[in-house]
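> Based on what follows, work out the 3D shape:
(chains A and B)
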Amino acid sequence: MKSSRLPAIILGLVLVFLYLPIALLVVNSFNEARYSSTWGGFTLKWYEALLDRQNRDLWDAAQRTLLIALSTSSISMILGTLSACALHWYRSRLQQINYGILYLPIVIPDLLMGISLLLFLVALGVTLGAGTILIAHITFCASFVTVVVLGRLQGFDENVIAAARDLGASKWVIIRRIILPLLAPGIIAGGLLAFTLSVDDYVITFFVTGPGSTTLPLKIYSMVKHSKDLPIINAISTLFLVLTFLIVWLSQRLTEHQPNRDSR
Amino acid sequence: MTNRKNEILLTAPTLIWLAVFFVIPSFAMILVSFRPANANGGIEAGWTLDAWRALADPDYPVILWRTVWLSVVTTVVCLAIALPIAFLLGRLEGKWRGILLMLVIVPFWTNFVIRVAAWRIILHPEGMVRQALLSLGVIGPDTLLLYNEGAVLMVMIYTHLPFAILPLYAAAERFDYSLLEAARDLGASGFRAVMKIFVPGVSRGLLTAMALVLIPALGSYVIPDLVGGPSDEMIGNKIAQRTLGNRNLPQAATLSIALLVITLIPILVVFFINRKEQAESR
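Numbers count the residues shown, from 1 in each chain, chains lettered A, B, ... in the order given. As a prediction, this is how the structure comes out:
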């Protein structure tokens, strides 16, 4: 069958469209000239500027972002694993409700999650800050971890548990020695996903943050909005990209090394 | 491990968390919309329809319409671009399929704000694209590439495209391409065979892709705020303004409920079509 070249041409153009902005950003972070229209020669001065005293607040924001992301992923890993097991092993009316509520945070626009949580926190008189950001992030990340762990559970051989029980293993031994090690790649991949979602989030954080609790996306946003220090934004964004790629690469490796679960 | 106590122990922590921080706040939003606002941006006791009456402001229907229009155009363009790409990726074999798929997904992992910011820097009045177009004489000195509806649409398509490609690829992967050859053998043109056989064959993927683009697009706020002008505001911008700048939380609540109702339309359409198909396949 003679196949048209059109799809290949479209794919090529789309890849250029997808990568051009990111590539220009990275290239410009090494550009001596202040504006991207001219190439002023190679420089590392925008990266050096990141170390300046006046950019201390950027590092504060980065630190807070990482701390929130680490806490979010740890707690979401626990919550997501528990609910994935519940959804996988039980078929009750409760699980139907559980399923519906777990999927909603994934479909609802993040803007609506942010505003409703803000209204709730304000109505309760809660002080906004890093704590409320953490609560918000766990709320949308737990669902994503659930989905990832659930995928891992679908390839789970239930006979292993039955065999262990027949051999006299207690409930805790089964959980610790069999279920957790088998699920570990899924749990860690889910945790890494939660980490990237948390580090990435702007919209929900914007709603539930309080004075003095800036995260890196909020900081970058306000710098971009005021068109201030554009080359420094390039530099910090490039570092940010490198970090995300490292995490994604790690989580890909973890999910690749799954035992052949779909040996169809 | 199948007993009721274990089930509750596994279900309760996450379910309670989501009930407190997701379900109850969603209902609280409805309550807040009937509360009076005070001058300090807080919420007063008592009940009023003020926030709902404010929706009659002639600005709001225009903004709601613009939100729907921009989101629908974004969705249609994303699907139109994603369809041939999914067609190609689904037909490829082995190594190339993995590599190309990866290339499509990678930008999707990079920080959302950074991706939008990159466009703002590129289209910046002093940026390379405008300067290049200026020197080529394609645009005049008064033309701005930023702060207009075209920029908003382009960046919306840019950020949402992977959401359209992935579900369509998943559907194309399961499509039997030999059906197309059969159609060609029977005399159908290549284009006609694709439209009559491939497109219906990946209809489930089209539906998922539609929902995955349309729903977040309706809730856009960052894109119109960073690359749009004052006349390109979407409902998300209004919600943000009523939350921070010109604070009036009950009004933010009514606007959010309006957005939620609009968003529920695609969610329910997908839900009912899926349920109907499941019932039919039984």
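> Just confirm yes or no for stretch B:90-102 near chain A.
Yes: using C-beta under 8 Å from any C-beta of the partner chain, stretch B:90-102 comes into contact with chain A via B:91, B:100. C-beta coordinates here come from the backbone N, C-alpha and C atoms, glycine included.
> Distance from the chain centre to that stretch, please.
Centroid displacement of stretch B:90-102 relative to its chain, using C-alpha atoms, centre = their mean, to the nearest Å, is 26 Å.
> Could I get the CA-only coordinates of that stretch as CSV?
Output in CSV follows, covering the C-alpha atoms of stretch B:90-102 (Å, rounded to 0.1, in the frame of the first residue of the first chain):
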residue,chain,number,x,y,z
GLY,B,90,0.3,3.4,15.6
ARG,B,91,1.5,2.0,12.2
LEU,B,92,5.3,2.2,13.1
GLU,B,93,7.1,-0.8,14.4
GLY,B,94,9.7,-1.3,17.0
LYS,B,95,12.4,1.2,18.0
TRP,B,96,11.2,4.2,16.1
ARG,B,97,7.7,4.1,17.6
GLY,B,98,9.2,4.3,21.1
ILE,B,99,11.6,7.1,20.2
LEU,B,100,9.0,9.2,18.5
LEU,B,101,6.4,8.7,21.2
MET,B,102,9.0,9.7,23.8
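> Flag every buried residue along it.
Residues of stretch B:90-102 classed as buried by neighbour count (16 or more other C-beta atoms under 10 Å in any protein chain shown): B:90-91, B:97, B:100-101.
> So which of the residues you listed are in helices?
Assigned to helices by DSSP state H, the following of the buried residues of stretch B:90-102 qualify: B:90-91, B:97, B:100-101.
> about what we covered before: quick one: the buried residues of stretch B:90-102 as JSON lines, columns for pLDDT too.
Output for the buried residues of stretch B:90-102, formatted as JSON lines (pLDDT from 0 to 100):
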{"residue": "B:Gly90", "pLDDT": "89"}
{"residue": "B:Arg91", "pLDDT": "88"}
{"residue": "B:Arg97", "pLDDT": "86"}
{"residue": "B:Leu100", "pLDDT": "89"}
{"residue": "B:Leu101", "pLDDT": "87"}
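> and which of the residues you listed is nearest to A:Pro105?
Of all those, the one with the least separation from A:Pro105 (C-beta to C-beta) is B:Leu101, at 26.4 Å.
> doesn't B:Leu89 make contact with that closest one?
Yes: because the distance of 6.0 Å satisfies C-beta atoms under 8 Å, B:Leu101 is recorded as touching B:Leu89.
> Need the residues touching each of those two.
When C-beta atoms under 8 Å, 6 or more residues apart in numbering or on different chains defines a contact, the residues bordering B:Leu101 and B:Leu89 alike are B:Tyr169.
> Show residues contacting stretch B:234-251.
When contacts are defined by C-beta under 8 Å, 6+ apart, stretch B:234-251 is touched by residues A:109, A:111, A:115, A:118-119, A:122, A:206-207, B:32-37, B:41-43, B:48, B:50-51, B:54, B:60, B:63-64, B:66-67, B:70, B:218-221, B:224-225, B:228, B:252, B:255-256, B:258-259.
> switch the cut-off to 7 Å
When contacts are defined by C-beta atoms under 7 Å, 6 or more residues apart in numbering or on different chains, stretch B:234-251 is touched by residues A:111, A:115, A:118-119, A:122, A:207, B:32-33, B:35-37, B:41, B:43, B:50-51, B:54, B:63-64, B:66-67, B:70, B:219-221, B:224-225, B:252, B:255-256, B:258-259.
> Cool, thanks, talk later.
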